[in-house]
Each structure stands twice: as structure tokens, then as C-alpha cells.
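mind folding the following:
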Amino acid sequence: MFHLLHFYIIFVNICRFFSNLTQVTKSQPLYGLQSFNPSTYDVLEGELVLLEHPIVDPQFFSPFKLNLSVAVFCARGSMQVKVNVKEFKVQAPCLLIMVSGQVVQYQEISHDCKSYYLVMSDRFTDELFSDLSERYPLRYAVLENPSITLSEPELRTMVEYFRMMREALKVKENPFRKEILLHLTRALFYRTTYQYHKLKMDGIKTKAEMLYDQFSSLVQQHFKNHREVEFYALELCITPKHLSKVLKERTGKTASTWISEHVMLEAKALLKSTNLSIQQISEELNFPSQSFFGKFFKQHSGVSPKVYRWNDVAP
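Sure thing, here's the model as predicted:
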């Protein structure tokens, strides 16, 4: 297990650093960035971090809420990742993008996995795509399909951009260092963006698939305030019975199960990756009381929120 130790410390420390810097969330991740020395690692202070073949600690196999965006170029091997409630099998060569606000959970990583990470603050990504007509369609496409397959020539190009960015980071006396990095990162994403548009054009979905996508999008927007199936059925202009029937046939899970999974994933991420009290988390998720939240959590996980937070229990 030794080879899985180093990256977790780095990655969760980055999360706190960006959270402290941008003050995006009212809670703070539990880990610090004190040991992440810009003189040792490839860092644009508060904006961007580059990691080559990092290692994921087993603790990162619990749900973790991102307050930054991460692009992963998988050059060798494979990984299975859960992004929000959807599972994705990532097989090299490929690109995986995870954006701020998502809950991520590593489920499996092959022993031969080699990858390149671009870790970006919200401020950096806002500057990266300042044109809203570009930012929102790309974000939506990434939310639908966070992973895309790359050809070997495309992967080599991505790695070359990555290495040019590393070289640019090292020239700290250059007053245009950030601008260079923005342009290189922009070029890197333009190189692959067309694939997301192609997926959108090529994808022909059934009515059941479209209903699932619409339902999933609604749940991600409203699960903190609405946990009743009737709300989503009304939004979709169908009956609750028909909604659950279609979802059960399409996914093997009912509407209420999907809603509960969203709530539980958010709760687990807040318990593991923030210093919010259990009372604050119950309020964040709009439970009537901490006691009610505790009963809900134990019903769906088998343990109390307190036990889950402080013990290495199954994710």
C-alpha cells in the first residue's frame, strides 16, 4: 500500500489552499497545504498545479467534494471513478475532467496507471473561458461525459502541452507567466473540445435515456430541498409511478433510490472533506433536525454520521 500514499496528501492540501484563497464555500476542507512547496512542485500560486504520475491514497476512495477543477490525462492503465452518482471506467489513452462542485470517489486504480493532472482554481478556469458562450456549453458537455477517449497522437500532443506548461511555470521571473499558462491551457482544451461537441452531435438517445438525463439534472439541482419523487415527476410532467417505472427499467433503481444516493453522496463528502459540524451538515442538507439526519444516514449506510467521519468505514 506504500505506493498509494503520496498523492492524497498533495491533493487534499491543494483543495484547502484553493478553498482558503477563493472563499467559495462556507466550510473548509480538513487538510492543509503547508508542505506543498512552490519551489519544489509545479505551482502557479493559488491558480494552477501540475502533477505528473501522482499517487492516490486509499482514503481518497471515500467521496470528496471538489472546490476546484481537475483534468486528468490517463496515459497508461485504467481507473474507475464515481463522479456524483455516475460511475466511469477510464481506460488509457483518455481524458477525464472533473469540475468544481462535483463529488468524486475513486473506486479502482490499476497498478500500472500513469497520468498527468492539471488542478485549476475556479478563478483560473473563469479566466480560461471568459467567453460565457464557450464556458457553459463545454461545462454541460463535461458534466454529461466527463471522460473521452484520445488517440495516441492526441495523447502525445496533450503531454507535450503539459510539459510546455511545466517549463513555463519554472520561469518565475517572467511577468507574463500566467498569461502564457492561460494560453497553453486554452490551446490544450481547444485541442479536445471538439470531441465533446462530436459526442453531442453523434448521440441519439431513447426517450428513457432522455428522461433519465432530465431527472438526473433536476436531482443535482434540487436534492437539498426536495427529496420527494412527486416534485420531480411534476417538473417532468409525468406521474411518480411512471417516473419510477422508467428509471427502474433503465437503471435498475427507483427514483427515490437515486434521490437518496445524491443526498448520501453529498453528506459523506461533507463529513470527510470539510470541518462542518454534523449539525451544520444537517442544516446544509435541509433536514429538520440533526437527529432526523442521523437516522437517515444510518438507514442508508449502516453507521452514524459520527462513526463514518472518524473511522475508516466502507465508502
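
helices of this protein, start to end?
Counting by DSSP state H, the chain has helices at residues 6-22, 122-128, 132-144, 152-170, 177-202, 207-222, 229-235, 240-251, 255-273, 278-284, 290-301, 305-310.

output the ones you listed as JSON lines; include the columns mean neighbour count and mean pLDDT.
Every residue, glycine included, has its C-beta placed from N, CA and C. Converted to JSON lines, these look like this (neighbours: other C-beta atoms under 10 Å; pLDDT from 0 to 100):
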{"stretch": "helix 6-22", "mean neighbour count": "19", "mean pLDDT": "42"}
{"stretch": "helix 122-128", "mean neighbour count": "17", "mean pLDDT": "85"}
{"stretch": "helix 132-144", "mean neighbour count": "15", "mean pLDDT": "61"}
{"stretch": "helix 152-170", "mean neighbour count": "16", "mean pLDDT": "90"}
{"stretch": "helix 177-202", "mean neighbour count": "15", "mean pLDDT": "76"}
{"stretch": "helix 207-222", "mean neighbour count": "15", "mean pLDDT": "87"}
{"stretch": "helix 229-235", "mean neighbour count": "17", "mean pLDDT": "94"}
{"stretch": "helix 240-251", "mean neighbour count": "16", "mean pLDDT": "91"}
{"stretch": "helix 255-273", "mean neighbour count": "21", "mean pLDDT": "91"}
{"stretch": "helix 278-284", "mean neighbour count": "18", "mean pLDDT": "94"}
{"stretch": "helix 290-301", "mean neighbour count": "16", "mean pLDDT": "94"}
{"stretch": "helix 305-310", "mean neighbour count": "16", "mean pLDDT": "90"}
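
what's stretch 205-216 in contact with?
85-86, 144, 232, 236, 238, 243, 246-247, 249-251, 255, 258 (C-beta atoms under 8 Å, 6 or more residues apart in numbering).

which residue sits farthest out from the middle of the protein?
Most distant residue from the mean C-alpha position of the chain: Glu173, 33.2 Å away (C-alpha atoms, centre = their mean).

what about that one, distance to Met165?
Here Glu173 is placed at a distance of 17 Å from Met165 (C-beta to C-beta, to the nearest Å).

try Phe287
44 Å.

and what of Asp112?
Distance from Asp112 to Met165, by C-beta to C-beta: 25 Å.

just Asn311 next, same as before
Taken as C-beta to C-beta, the span from Asn311 to Met165 is 40 Å.

over to Phe73?
12 Å.

now Val43
12 Å.

what sits in contact with each of these two?
Counting by C-beta under 8 Å, 6+ apart, the residues touching both Val43 and Met165 are Leu50.

quick check: domain ranges of the chain?
2-202, 207-310 (automatic domain parsing).

what's around the closest residue to His262 other than its chain neighbours, how many residues?
Of all residues not flanking His262 in the chain, Phe223 sits nearest, at 4.2 Å (C-beta to C-beta, 6 or more residues apart in numbering). Phe223: 21 surrounding residues under other C-beta atoms under 10 Å.

okay but Ser115 is in contact with Val70, surely?
No. Look at Ser115 against Val70 with C-beta atoms under 8 Å: they stay out of range, at 10.6 Å.

identify the contacts common to these two.
In contact with both Ser115 and Val70: no residue, using C-beta under 8 Å, 6+ apart.

which residues touch the residue nearest to His262?
Phe223 touches Ile259, His262, Val263, Glu266, counting by C-beta under 8 Å, 6+ apart.

how about 7 Å then?
Phe223 sits next to Ile259, His262, Val263 when contact means C-beta atoms under 7 Å, 6 or more residues apart in numbering.

out of those residues, which one sits closest to Cys94?
Each of those was scored against Cys94 by C-beta to C-beta, and His262 proved nearest at 25.8 Å.

the closest one reaches Val219, doesn't it?
Yes. Here His262 lies in contact with Val219, judged by C-beta atoms under 7 Å, at a distance of 5.3 Å.

look up how far Phe124 lies from Leu48.
5 Å.
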